[in-house]
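# Got a predicted structure here, sequence first:
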Amino acid sequence: MNTLFNLVIVVQVLSALAIIGLVLLQHGKGADMGAAFGSGASGSLFGATGSSNFMSKSTAVAAAIFFSATLGLSTMATQRGAANTGGGVMQNVNTPAPAPVKGSAAIPSAAPQAPAEAPAASVPAAAAPAAAAPASSAPGAQIPK
């Protein structure tokens, strides 16, 4: 089953590259200079060359192969997912057990413990910010009345 899955992926990628190449190689229907002024609008729905030429038929075939490969891949993925019950992207993740706390035989609780009492701030007086200077000593602080 895995080989078939890989084969369908290769077919899908090749058909996608073929679509890209064929679309880039095709000449647009209204790419002439006269089409800019409205002369291209007088043609029929499919243009003068008929309903399709080799390039557009090849693009349609490549698109049909691409969509059928996509449908096949989605069907295979659905069948592959049915074998894995309880599906989800995280079903196979192994979570490690929490490490025991050193020096304590108690089981750690789920709620975080409050930190021990914070030490008092022992800031020396010299390092404390200076108090605001009195208004009389600041330049321009006194306004004459």
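Perfect, I can see it now.
# same question for the longest helix along the chain, mean pLDDT?
Longest helix in the chain by number of residues (criterion: DSSP state H): helix 54-83. Regarding helix 54-83, the rounded mean pLDDT is 89.
# What is it packed up against?
helix 2-25 (3 or more CB pairs under 8 Å, 6 or more residues apart in numbering; DSSP states H and E). To be clear about C-beta, it is placed using only N, CA and C from the backbone, and glycine gets the same treatment.
# Can you tell me which helices and strands the helix it packs on packs against?
Short answer (3+ CB pairs under 8 Å, 6+ apart): helix 2-25 packs on helix 54-83.
# May I see the buried residues of the helix it packs on?
Ser56, Ser58, Thr59, Ala62, Ala63, Ile65, Phe66, Ala69, Gly72, Met76 (16 or more other CB atoms under 10 Å).
# Name the nearest residue to the last one, sequence neighbours excluded.
So that's Met76. Phe5 (5.5 Å; CB to CB, 6 or more residues apart in numbering).
# since we're on the one you found, how many residues are nearby?
Phe5 sits with 13 neighbouring residues when counted by other CB atoms under 10 Å.
# Make 37 the starting number, not 1.
Taking 37 as the first residue, the last one we looked at is Phe41.
# show me the contacts for it.
Leu109, Met112, Arg116 (CB atoms under 8 Å, 6 or more residues apart in numbering).
# would CSV of those residues with distance to Ile55 be doable?
Listed next are these as CSV, based on distance: CB to CB, whole Å:
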residue, distance to Ile55
Leu109, 16
Met112, 22
Arg116, 26
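# Closest to Pro136 out of the residues you listed?
Arg116 (40.2 Å; CB to CB).
# Could you check how far the closest one is from Ser110?
11 Å (CB to CB, to the nearest Å).
# If I take the lowest-mean-pLDDT helix or strand in the chain and helix 38-61, what angle do their directions form?
The helix or strand of the chain with the poorest confidence is helix 90-119; it has a mean of 89 (mean pLDDT, DSSP states H and E). Interaxial angle, helix 90-119 versus helix 38-61 (axes from the mean of the first three to the mean of the last three CA atoms, to 10 degrees): 150 degrees.
# Fine by me, thanks again.
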